[in-house]
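Asker: Structure for the following, please:
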Amino acid sequence: MIDLPNDYFLVQFLAEEDYRHAIYEGPWMIADHYILVQRWKPFFTVTTTQTKMVAAWIRIPGLPIELYNDCFHWRAKSKPRTMLKIDKLTSNHSRGKFARICMEVNLNRKLVSMINVMGHIIKLEYEGLHSICFKCGKYGHRQEHCGVLME
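Answerer: Have a look, this model is predicted:
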């Protein structure tokens, strides 16, 4: 592990399995602070304009059982961002309260709180990303602290 400026760390894994676990099984938390894990990009520099692509679990509460199929998941993947993984209990239809999909999310882009699937409005919850403002769609603050004026 190498410490970089601005609280970034570079971690190299010896085993592919450990790397996949770190990327896909989060979100991770240490001492009440969420750790955002992202893939290494060549020529990475720590700047305030750095794109923050992170793997995040998206929970879909109350998903109708008819939409628990691969067609829904592949349709949903184009909405928030790139799908990385489907939760095992979701893929084998063992849990009915909610579905979970691990997506690659760009924290510099607008995040959505719901999607329309076959005429049904489906609510999305981002696990481990608690500072999302759905007024402006940005990560880093909550709606009650948003400075964006609505028309």
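Asker: Now do the strands in the protein.
Answerer: Counting by DSSP state E, the chain has strands at residues 2-4, 8-10, 28-30, 33-35, 53-61, 82-86, 98-106, 114-117, 120-123, 125-126.
Asker: Using a markdown table, lay out the ones you listed together with mean pLDDT and mean neighbour count.
Answerer: Using the backbone N, CA and C atoms, a C-beta is placed for each residue, glycine as well. Below are those laid out as a markdown table (pLDDT from 0 to 100; neighbours: other C-beta atoms under 10 Å):
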| stretch | mean pLDDT | mean neighbour count |
| --- | --- | --- |
| strand 2-4 | 87 | 9 |
| strand 8-10 | 85 | 11 |
| strand 28-30 | 74 | 10 |
| strand 33-35 | 69 | 13 |
| strand 53-61 | 81 | 20 |
| strand 82-86 | 73 | 16 |
| strand 98-106 | 82 | 20 |
| strand 114-117 | 81 | 14 |
| strand 120-123 | 84 | 13 |
| strand 125-126 | 86 | 18 |
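Asker: pLDDT weak spots in the chain?
Answerer: Scanning the chain for pLDDT under 70 picks out 27, 32-34, 46-51, 68-81, 92-93, 149-151.
Asker: surely Leu124 meets Ile60?
Answerer: Yes - taking contacts as C-beta atoms under 8 Å, Leu124 lies within contact range of Ile60: 6.2 Å.
Asker: Relative to Val117, how far out is Leu67?
Answerer: Per C-beta to C-beta, to the nearest Å, Leu67 is found 6 Å from Val117.
Asker: do Met1 as well
Answerer: In this view, Met1 and Val117 are 41 Å apart by C-beta to C-beta.
Asker: For stretch 126-143, buried residues please.
Answerer: The neighbour-count check on stretch 126-143 (16 or more other C-beta atoms under 10 Å) flags 126, 129, 132-133, 135-136, 138-139 as buried.
Asker: coming back round to it: out of the strands of the chain, which gets nearest to Ala22?
Answerer: In terms of C-beta to C-beta, the element of those nearest to Ala22 is strand 28-30, at 7.8 Å.
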